[in-house]
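can't give you the sequence, but here's the structure:
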């Protein structure tokens with residue numbers, strides 16, 4: 001469903017300047033990261049790579065990563081640790 005919505009709207013041209021970049025969480029597999037002790041990305045890793053590219057393009061912009069917890073019914077580590 002997300003893919004359909006993403007493809008439905010064309011990407012706009014990027015502005016010359018931006019003040020901030022908001023990155024939605026969900027790119028890290030916190031269950032795997034918890035057991036391995038290192039960050040592990042999932043099928044939404046493009047969020048991380050796109051935010052890195054935008055941060056490099058707009059070095060004065062502030063970046064906000066809205067990390068969450070992957071688990072719904074169990075205890076897990078947050079993405080932002």
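Nice, thanks for sending it over. Everything numeric in this text was worked out from a predicted model, so none of it was measured.

Each with direction, which strands does the host helix or strand of residue 64 pair with?
Per DSSP states H and E, residue 64 falls inside strand 62-66. Applying DSSP bridges, strand 62-66 is found paired with strand 20-24 (parallel).

Moving along the chain from the strand it pairs with, name the first helix or strand you hit.
Downstream of strand 20-24, the first helix or strand assigned by DSSP H and E is helix 30-36.

Can you list the buried residues in that following helix?
Buried residues in helix 30-36, counted by 16 or more other C-beta atoms under 10 Å: 30, 31, 33. All C-beta atoms are positioned from the backbone trio N, CA, C, and that covers glycine.

Could you pull up the contacting residues of the closest residue to residue 65 other than its chain neighbours?
Excluding the flanking residues, the one nearest residue 65 by C-beta to C-beta, 6 or more residues apart in numbering is residue 23, at 4.7 Å. Taking C-beta atoms under 8 Å, 6 or more residues apart in numbering, we find residue 23 in contact with 47, 48, 50, 51, 63, 64, 65, 66.

Can I get the buried ones among the residues you listed as something I can paste into PyMOL?
A single PyMOL command is used to select the members of the contacts of residue 23 judged buried by 16+ other C-beta under 10 Å:
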select buried, resi 47+51+65
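
nearest to residue 12, of the contacts of residue 23?
residue 50 (13.9 Å; C-beta to C-beta).

Identify the residue nearest that closest one in space, chain neighbours excluded?
residue 23 is the one closest to residue 50 (C-beta to C-beta, 6+ apart), at 8.0 Å.

so what's the residue nearest the centre of the chain up against?
When C-alpha atoms, centre = their mean is applied to the chain, the residue found nearest the centroid is residue 47 (3.9 Å). Taking C-beta under 8 Å, 6+ apart, we find residue 47 in contact with 23, 24, 26, 27.

Of the residues you listed, just the buried ones, ChimeraX syntax please.
In ChimeraX, selecting the buried portion of those, with burial taken from 16+ other C-beta under 10 Å, looks like this:
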select :23,27
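
low-confidence ranges in this structure?
Along the chain, the parts satisfying pLDDT under 70 run over 1-2, 68-81.
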